[in-house]
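K.L.:
Predicted model and sequence follow; I will ask about them next.
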Amino acid sequence: MARRPATLPLRERIGSITSGTLAWLYAALLLVPLFYFVVSAFKTNEQIFEQPLALPTSWDLSNFTTAIRQADLGLAVANSAITTVAALALTLLLALPASFALARSRGRAGRVVEGVFALGFLIPSSAALFPTFLLAAALGLFHTRTFVVFLLPATALPLSVVILTSFMRTIPREHEEAASMDGASSLQVLRQVYLPICVPGIATV
């Protein structure tokens, strides 16, 4: 005679239902604005305000051509791409050596420095916005691409360093010791041993 599967306790069932409901609500919070954004791209202004969530009457691409032609969208996209690539390169250029040093550190100073990077999560971006713009205005960098290229790495460094340090700590020390015995410098160990293994962490950053 087959045994009946054991049912979950009431507390676990309630927890499962609650977590599932919260997950679906969170998904709705993400999907509804995306749906609104997509359908609005094919509507006139009147249709957007009168029927915000309704499907468009016709899937016309004229809004896209108008945006590209009148708003100079092509130049805006190019500026965004250049700024993003430059900011990402600068972020990795700073975060990778810092994470490498913290991952190899075994002393108290390394833990203190890592804690300072972790404290960056406690500072809301809105709190640093006003003094950042005052600094940019004083340096004459306001309304320049250079300001954004330096601003984005500054805000991304705490998370980047924490992520990369966690990845680098998973690498066995034997790999580094073997490379050092073969005459590799610290920079060569970072480039030839750590970087290939830390590709998932770099992709996350």
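P.N.:
Perfect, I can see it now.
K.L.:
where along this structure do the helices fall?
P.N.:
Assigned by DSSP state H, the chain shows helices spanning 10-40, 45-50, 62-70, 73-104, 108-118, 125-139, 145-169, 173-181, 186-189, 195-197, 199-204.
K.L.:
Show the end-to-end separation of stretch 50-69, please.
P.N.:
26 Å (Cα to Cα, to the nearest Å).
K.L.:
With stretch 136-147 instead?
P.N.:
7 Å.
K.L.:
if we can go back for a sec, possible to save the helices of the chain as a markdown table with mean neighbour count and distance to Pro56?
P.N.:
Where you see a C-beta, it was placed from the backbone N, CA and C, and this is true even at glycine. Shown next, in a markdown table, are those (neighbours: other Cβ atoms under 10 Å; distance: least, Cβ to Cβ, whole Å):
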| stretch | mean neighbour count | distance to Pro56 |
| --- | --- | --- |
| helix 10-40 | 11 | 6 |
| helix 45-50 | 11 | 7 |
| helix 62-70 | 12 | 10 |
| helix 73-104 | 16 | 20 |
| helix 108-118 | 13 | 47 |
| helix 125-139 | 12 | 35 |
| helix 145-169 | 18 | 34 |
| helix 173-181 | 13 | 56 |
| helix 186-189 | 14 | 56 |
| helix 195-197 | 13 | 47 |
| helix 199-204 | 12 | 36 |
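K.L.:
May I see those organised as TSV, with mean pLDDT added?
P.N.:
Formatted as TSV, these follow (pLDDT from 0 to 100):
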stretch	mean pLDDT
helix 10-40	87
helix 45-50	86
helix 62-70	83
helix 73-104	89
helix 108-118	81
helix 125-139	80
helix 145-169	86
helix 173-181	82
helix 186-189	84
helix 195-197	87
helix 199-204	89
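K.L.:
Show me the domain layout of the chain.
P.N.:
10-69, 81-204 (automatic domain parsing).
K.L.:
Those domains into a markdown table, with extra columns for distance to Leu75?
P.N.:
Converted to a markdown table, those look like this (distance: least, Cβ to Cβ, whole Å):
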| stretch | distance to Leu75 |
| --- | --- |
| domain 10-69 | 10 |
| domain 81-204 | 11 |
